[in-house]
Each structure stands twice: as structure tokens, then as C-alpha cells.
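# Sequence below, structure please.
(chains A, B and C)
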Amino acid sequence: MSLSLQSQIESILFAKGEAMSLEALAEHTGADRQALQDALNDLEHTLAQEGSERGIRLVQTDTTAELATAPEASELIRSLNTKELTKRLGKAGLETLTIVLYQGPVSRRDIDYIRGVNSTSILRNLTIRGLIEQQESDDGTRALVYQPTTELLRHLGLSRREDLPQYNEIAGEVEQFYHEQNEPEDVSGPAEEESADVPSDQGAGETSRSNESTDSRTG
Amino acid sequence: MSLSLQSQIESILFAKGEAMSLEALAEHTGADRQALQDALNDLEHTLAQEGSERGIRLVQTDTTAELATAPEASELIRSLNTKELTKRLGKAGLETLTIVLYQGPVSRRDIDYIRGVNSTSILRNLTIRGLIEQQESDDGTRALVYQPTTELLRHLGLSRREDLPQYNEIAGEVEQFYHEQNEPEDVSGPAEEESADVPSDQGAGETSRSNESTDSRTG
Amino acid sequence: MRDEVPETQNEHRSGYQVKTAAFEGPLDLLLSLIQKRKLFISDISLARVTDDYIAHLKELEEFPVADSAQFILTSSILVLIKSKSLLPTLDLTDEEEDDIEELEARLKEYQRIQDLSGHISERYGINTMASGTPHLRKTVTFSPTDELTTDTLALAMIAVLSRLPKRQQIPQTQVKKVISLRETIERLTERIQRSMRGRFSEFSGYERGRPLSKEERVTVVVSFLAMLELVKTGLVQVSQRAHFDEIEIEHRDIGVPRYNSLE
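Purely as a prediction, here's the structure:
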């Protein structure tokens, strides 16, 4: 067997037929994380090379990767009628996805703060639709944060969220906005405490539900 | 759209995921048979080019074409298959399985709704492992629903699922959850355009809040 | 700085209407009010849309209570801004200044998200990239693991149940009591009409110098809003001898000076 790492990844992702975690990819290929990431980037470029664009593309998030048809083929694929139609987004969904895409990983608290309303139910809805997913923050706090999924990127016709317009210009400024806020206001009212809400997490963990009182910041 | 014919074919075969007749390919791409055959041969060469072999290959017969994993990857795919069958179910797998046990027959939509996340991939794995099976609902809707397999029940030493621990309490609690969600005043607040995702809700459609313009000024 | 007040009033007279569309929250509402007037986000534009905002507030009784609390809290900051624009010499505490700055910053950020969301709605579902199909083993093989015991499964089910979203339990009556603007206006009107004269402190519970709890603060703010509302509709006239002095409220029949009379 003499397939390059990027071709091995291509085989695995093709066989899997859905998004796969980078963790599982590393495990199956035996590659370390850096080599894996390099190979993924190579694969992405190979498939999207200008002038010889392939019919399939790689879609990546920070934690998962998936193969999908090329965005240029969307019309053609639609005529196949094999894939379900994209469901419409409401205003709340659109805003929330925008925040998760441009600023994720982001906590519900931060999303609430930006939108000025409780986002619990819209986040749940988008999670059920597979457009975003919740995971533990890797910054050591184990806080729960939301991330875009490859499914969301596929609906947008993007290989990675960095390809979104204004992405790079925005990313830096946002940090600043959060850091200026000493203490994000919790607009959530009595909703679930985040810590219990990770269904995909393997650890058991007690569900604690504390009623946070609405933090009223009157003028 | 400016994909080459060979890339268009690649897209279609990838999305379809199974062998396709050359006839159907010609129809979807609008290419004549000779052009189609040339493009298929080009695609085959692109994918198998010596020195830069890809992870997927084109497999052709006289009348059909199909994408498949590269033969060099067969070892890799075999171990992937084994892993899928032997890896631990984990929290997400156990939770999904348990919902099927306690609530089955139950649709994916309902499972997603109860868990608050998308369960497509987990359901697929549980099915391959022979723990659950999909069938048409016998309530006349022909909707697809999941049931525990008899092997699973036997493995758990259950002659009927009512023997599951706390069966009645748990079933009752889930019932109540559905009931509450379907009352008009639910937890969702004003984010109603997403309400199409409530399992028992059949109509899609946007709920418009029609508080008409009110000139509220007295006087 | 231009004089904002007369223009605001003109718009009242011309019957400026605010649509109660499905606003996502106070920031959404505020932003749309500002954009409707083609203004930039600033303390000046906020002062100008305060009245429109308050018109909405009156319909809050029909909103879900969880959100209405947020609408009210934002209104209290708007009232500060409005008061400051009416009484330029009014001293705001550092905390109040911070609240105003924060509201502006949040609005700007929210506006940016709304702008960016244009990129998303433009693309979403247009050039969709289709997913593949699993090509792994398709034959079913019964493959249990040692996790499969009825006890483990029952525990998993309990974990699922504990995460089901619960109905929001908000002490509705309490929140409503504190924040009902309409009620406060009625109370005020009645009281003033009865006595022809009143003091702000009498119905708001406000005493200068005494620290207020958050709930009391909302009451004071709502009372102040209600008073402004009555001034605006010409029902009362208010006067204040010096800054921070008691505000005297007087019932009157014909509308002459309006906001200006606050000073």
C-alpha cells in the first residue's frame, strides 16, 4: 500500500460518507495531528485547484472533516433529487448562525449578550438540524461552546468558514469586543445551566440546573 | 458553473453513492455518449494517475459507472469497518439506544427532538451493529421509525420492554414533555419561525407575529 | 449639536407609527428604529428613538415575560440618555455612563452581526455541497458491547430526561407588577387628577440619596417614563427647583410647554 496520507484520508472520508472527527482520522491513519492537518490542507487544495477543479471537495471545521460535492455542481445535484432540500432559516436562526460562524467557538451567554435575547431555544433548534454543535471549550475552562458543523458549511457552499466574506477582518475585532465587556450580561433568565448540556460528551456528569436570576442592569 | 464534464460526472457519482447507468449519466450531464465515454476515461485516469493515486477510483462496466475506494486502501477500510462495529457506544450512543428502547417505535425526528442534537450518524451506527432496526410505521403514515432488535432485547434479558427499569415513569415523563411542547405557550419565546421543527407539527410555514401597528399614544 | 426635541414631537403629531413586528429583543427593536430614521448609533440617535421605543414597551404585556424584562431594562438606559439630552447639566454616575456606553457598543456589535448575516442568507442553500453516502459495511452484524446492561441504559435515559428543556418558570406576576408601564400611568393620572399636585417621590418611591434595589430602580424608571408620557400628552406639567430636587407634578388642561418644562 502506497497511498499518500491525503489519499488515505480521501478514502476514509469517502467510505464514511459523513463528517468525521479529526481525532478519529488521526487514529485510523496513525498520523499525528500536525501531519494530519497538513494533509487535509493539501487535499483541500488538490480538489479545488484552479483550472482543474474536481467534482468533490473537502469541507473542514476546527474539529471535523467531510467530503462533499463541489459547490459549482449544486444545480446538477439538485436535478438528481437524491438530497433533501435546505430548510429556510428564520431571522433568529440567521443571526445566531452568523455569530457562531464568525465568532465561534462561542458560548450561549455570549450569543445572548450580542442578540439581547435568550437564545436557548434557537440554539437547540439549530443543533437538532445539525448546523451547529456544542462542545467543551479547549481553553481549559471546559465551558460549553457552539461551533459550526461541516453540514452548515456545505449549505453555504464553503470548504471552510475562513472563506466567508470579511472573515479575517472580523475575527480580530471580535476578540476586542468581548474583552472590553467586563461581565457579559446574562439575559437568559432561568434556563438550563450550560454545564449539563453536552449530549455528545462521553463523561457522565450530574445535571445541575440552577436558576440564575435575571441580571437586571438598570441604568 | 464551469466544471469539466469529468468533474460533473464525479459529483454526480459521489452524490448518488451507487452504480449509475451511462444512460442516466448522459441524461443528467446533457453530454452525448462519445463525450461521456471520453470524460469517464479521463476521470478514471485522473484518479489512478501513477505517482499521485487518489483515494477513490472510478469503476466502469460496459453500461455503468461507480466511484469506490482505492484498492490500495482496502486494509484501511477493513480496519475502519471493524472499528465501527467494536468501538464503545459512548454516552451519545447509549442515550440514543435507550430512547429507542423506551420510546420505540420512534422516528429520528422525535429522537433528535428529545436529545436536542442530530442523531443521524449514531442511528446509522446502531443499525449496522444490529441493536436497532428501521421499519415503516404501522400507523398508516408509513413514516420510518426505529425499534430495538429482538437480539438486543434477548441480550438484555428482557422479554418485553415493559420490564425495563422504571418503564412507566419514564414513558410518562416523555409523554408529558411532548404534551407541554405542543401547548401554544411553549419555551420558545418569540423565535417562532423555527417552530417547524417540533416533531408533531406537520405544517412548515412561517409563523408571523401579527401584532398590527398600533398607535399607542394616548390623546 | 442640533436640537432634537421639536423634531421628535413633530413626528408624534404626524402620527408616527411603530410596527410591532416580531422583534427579537430590545437590541433588534432599537436598531430597527434607528435604521428607520437613517441615523447612526449614538447617544443622540438613541435619545431620538426613545419615545418610539417606549411606545412599544406599552405593548409588552403581550410579549413573553422573559423578553419583556429585557425590553424594560434597556428602556431604563434609554431614559437616562433621554434625560441627559433634555437636561444637559444632569450628572450621571460612572456606572450610568458605563451603561450608556455599553448599550451603544452592543448595538454596534449587533448591527455588525446583522450586516454580516447578509453574507449568510445570500449563500445559505444556494450552492449547497451534497454529502456523500456511507460505503462502509452494509450487512448488519449483531455487535453488542459490555456497556449494554439495563442499568446503564436506565441511567442514560435518566440523563436524557434531565436535559429535556423545561418550561421557563418566571415569577410572572412579580415581574409584571414591577414593570407595568400602563398601570403606572393610570395610577399616576388618577393620583394627580385627584390632588392636582403631586410629588415624584410619592408614587415612585424614589428618595434622593437612598440606595435602590434593582426592583425599586425599575419602578422609579418606569414612573419617570410614565411621567414623561403624561407631560408629552399634555396632561401634566412638571417643575423642579434645582437639580435633584423633588419633581413637582401638576395637572393641567391645555398643553403648552412640553419636555422643556422639566427644567
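# In contact with C:Leu78, which residues?
Taking Cβ atoms under 8 Å, 6 or more residues apart in numbering or on different chains, we find C:Leu78 in contact with C:Leu30, C:Leu46, C:Ala47, C:Val49, C:Thr50, C:Tyr53, C:Ile54, C:Leu103. In this view, the C-beta of every residue, glycine as well, is placed from N, C-alpha and C.
# Which residue, other than its chain neighbours, is closest to the fourth one?
Going back to what we said before, that points to C:Val49. Excluding the flanking residues, the one nearest C:Val49 by Cβ to Cβ, 6 or more residues apart in numbering or on different chains is C:Leu33, at 4.1 Å.
# Can I get the helix or strand where that neighbour lies in PDB? Just the C-alpha atoms.
Per DSSP states H and E, C:Leu33 falls inside helix C:26-36. C-alpha atoms of helix C:26-36 as PDB (Å, rounded to 0.1, in the frame of the first residue of the first chain):
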ATOM      1  CA  PRO C  26     -34.600  45.200  22.700                       C
ATOM      2  CA  LEU C  27     -31.500  45.500  20.600                       C
ATOM      3  CA  ASP C  28     -33.300  44.400  17.500                       C
ATOM      4  CA  LEU C  29     -36.100  46.800  18.100                       C
ATOM      5  CA  LEU C  30     -33.800  49.700  18.900                       C
ATOM      6  CA  LEU C  31     -31.600  49.100  15.900                       C
ATOM      7  CA  SER C  32     -34.600  49.000  13.600                       C
ATOM      8  CA  LEU C  33     -35.900  52.200  15.000                       C
ATOM      9  CA  ILE C  34     -32.600  53.900  14.400                       C
ATOM     10  CA  GLN C  35     -32.300  52.500  10.900                       C
ATOM     11  CA  LYS C  36     -35.800  53.500  10.000                       C
END
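# what's it in contact with?
Helix C:26-36 has contacts (Cβ under 8 Å, 6+ apart) with A:115-117, C:18, C:21, C:23, C:40-41, C:45-46, C:49, C:52-53, C:56, C:70-71, C:73-75, C:78, C:106-107, C:110-111, C:114.
# Going along the chain from that helix, find the next helix or strand for me.
Helix C:26-36 is succeeded, C-terminally, by helix C:43-57 (DSSP H and E).
# same for that next one, what does it pack against?
helix C:5-13, helix C:26-36, helix C:65-86, helix C:94-123, helix C:214-232 (3 or more Cβ pairs under 8 Å, 6 or more residues apart in numbering or on different chains; DSSP states H and E).
# Swap in 7 Å and give it another go.
Applying 3 or more Cβ pairs under 7 Å, 6 or more residues apart in numbering or on different chains; DSSP states H and E, one finds that helix C:43-57 makes contact with helix C:26-36, helix C:65-86.
# would you list every one of the strands in chain A?
A:20-21, A:56-60, A:64-69, A:132-136, A:144-148 (DSSP state E).
# A:Ala171 is nearest to which of the ones you listed?
strand A:144-148 (13.6 Å; Cβ to Cβ).
# and the closest one, anywhere near chain C?
No - figure legend: strand A:144-148 not in contact with chain C (Cβ under 7 Å from any Cβ of the partner chain); closest approach 10.5 Å.
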